[in-house]
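# A structural model of the following input is requested.
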Amino acid sequence: MKTNIILTAAAVLPLLVSCGASRQSVQQTQPDVQKAAVSGTEAKVKEWQAKGFSVTGAMSTFTMYDLLEMHNRKILSDPDNIVPAFGTGIGADKATAQYAALNNAATMYATKAGSVVSGGMTNQFSTFGEQGNKLMGAYTQKVQEYIMPIMRESLSVSRIITESVPQKGRYEVESYYIIDESKAAEARRNAMNEALEETATEQIFGDAVDAWVKEFVRPDVE
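Residues are numbered from 1 along each chain as shown. The predicted structure follows:
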C-alpha cells in the first residue's frame, strides 16, 4: 500500500512541476505581449513616420501623438455634436497641398449631406426628375462652400512624395478636422435655402427637404 502511494506521488510530482513551469512561462511572456501591443494612436503615428510624414501647420509645436490624442478625445467627448472630417491633398508646395486637403474634406462632407437629402427625396417622391437633380447639384455645391469656414483643423501631416509616380517631388498632406454639428446644421439650412431659390423649386421641394437638411450628417467610416 505504501509502495503504491509513493509511486502515485512520484507520478504526480512531474506534472505539478510541469504545470508550475508552464504557469511561470505564461506569466513571463504576458508582460512581453502587453509591451509589444501598440495602441491605435501609436500605430497611426508609426504608419505616418514609416511613410515619411511629419507634423505641419500652426499646430506643429505638438507631437503627432499628442495632436492625434487630442483629436480623438474631442470626438469622443461629444459624439452627438462633433463630426470628424478628413481630407488629402497634393500640391507643388505645402500651402497648396493643405488647401487641397481642406477642399477634399469639404467635398466629401457635402457629398454625404447631399446623399442624405437625395435619399429622403427618392423615398418620398420615387423620382424627382430634372428639377430635383438640379436642386441636389446646387445644394451639394453650396454645402461645400458653407461648411469649409467652420471646419476646425486638429492636425495636418505632410511629406515630399519620393515614390516613382507622376507626383514625385510634390507635397502630400493629410488633414483632420472637427465640425460642430450645431453650426453645420445652420450651414446646411443656408445652403438649401440658396439652392431652392437658385433653382426656383421652393414651391415643389421647400417643405419636404427641411427634415432631411436637419438630419445629422456623419461621414461614412472607411
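# So which bits of stretch 132-148 are buried?
132, 134-136, 138-144, 146-148 (16 or more other CB atoms under 10 Å). (Each C-beta comes from the backbone N, C-alpha and C, glycine too.)
# Just name the closest of the residues you listed to Glu172, please.
Each of these was scored against Glu172 by CB to CB, and Met148 proved nearest at 20.4 Å.
# roughly how far out does the one helix or strand Glu153 maps to sit from the chain middle?
If you go by DSSP states H and E, Glu153 is part of strand 152-160. Relative to the centre of its chain, strand 152-160 is centred 13 Å away, using CA atoms, centre = their mean, to the nearest Å.
# and that strand, which strands flank it?
strand 54-56 (antiparallel), strand 171-180 (antiparallel) (DSSP bridges).
# comparing these, which gets the lowest mean pLDDT score?
Mean pLDDT values for the strands paired with strand 152-160 show the minimum at strand 54-56, a mean of 93.
# How far off centre is that one?
Per CA atoms, centre = their mean, the displacement of strand 54-56 from the mean C-alpha position of its chain is 18 Å.
# same deal with stretch 41-58?
The answer for stretch 41-58 is 15 Å, by CA atoms, centre = their mean.
# quick thing: my sequence starts at 694, can you match it?
Taking 694 as the first residue, the last one we looked at is stretch 734-751.
# Low-confidence ranges, the chain, go.
Judged by pLDDT under 70, the chain has its weakly predicted residues at 694-732, 819-820, 912-915.
# show me where it has helices.
695-729, 733-744, 757-770, 787-818, 822-840, 874-892, 895-907 (DSSP state H).
# and Gly862, which of those helices is closest to it?
helix 787-818 (12.2 Å).
# Next, the buried residues of the closest one.
787, 790-795, 797-803, 805-807, 809-811, 813-814.
# helices or strands next to it in the packing?
strand 775-784, helix 822-840, strand 845-853, strand 864-873, helix 895-907 (3 or more CB pairs under 8 Å, 6 or more residues apart in numbering; DSSP states H and E).
# on contacts alone, who are the packing partners of the longest one?
For helix 822-840, the packing partners by 3+ CB pairs under 8 Å, 6+ apart come out as helix 787-818, helix 874-892, helix 895-907.
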